[in-house]
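Participant: can't give you the sequence, but here's the structure:
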């Protein structure tokens, strides 16, 4: 398994029942390109893509693309 750079995004779309294919379609990119962006390999999200995901998941860009995970106790 590849190392994931954007865990919050990964967890968010998995919890909401989305596939990478569905998320890629929302961003108008290929599922392969989305995978590279999520793991941070040779690609990163553009600001318009980040905004679209932020609005779609109703989360701030900072929270969605944070590279740390906050655990509530």
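Facilitator: Structure's in. What do you need? What you see is a predicted model; the values in this text were computed from it and never measured.

Participant: remind me, longest helix of this structure?
Facilitator: helix 47-57 (DSSP state H).

Participant: any idea which helix or strand comes after that one?
Facilitator: Using DSSP states H and E, the helix or strand that follows helix 47-57 towards the C-terminus is helix 61-64.

Participant: pLDDT on that next one, on average?
Facilitator: When pLDDT is averaged over helix 61-64, the result is 93.

Participant: one more: stretch 16-28?
Facilitator: Stretch 16-28 shows a mean pLDDT of 96.

Participant: residues touching residue 25, list them.
Facilitator: Shown in contact with residue 25 (CB atoms under 8 Å, 6 or more residues apart in numbering): no residues. Bear in mind the C-beta positions are built from the backbone N, C-alpha and C, glycine included.

Participant: can you pull the buried residues of the helix or strand containing it?
Facilitator: Residue 25 is located in helix 20-27, with elements delineated by DSSP H and E. For helix 20-27, a neighbour-count test (16 or more other CB atoms under 10 Å) marks 20, 23, 24, 27 as buried.

Participant: and for the last one, nearest residue in space, chain neighbours not counted?
Facilitator: In this structure, residue 27 finds its nearest non-sequential neighbour in residue 49, 5.2 Å apart by CB to CB, 6 or more residues apart in numbering.

Participant: just give the number of residues close to that neighbour.
Facilitator: When counting by other CB atoms under 10 Å, one arrives at 16 neighbours for residue 49.

Participant: with that, I have no additional questions.
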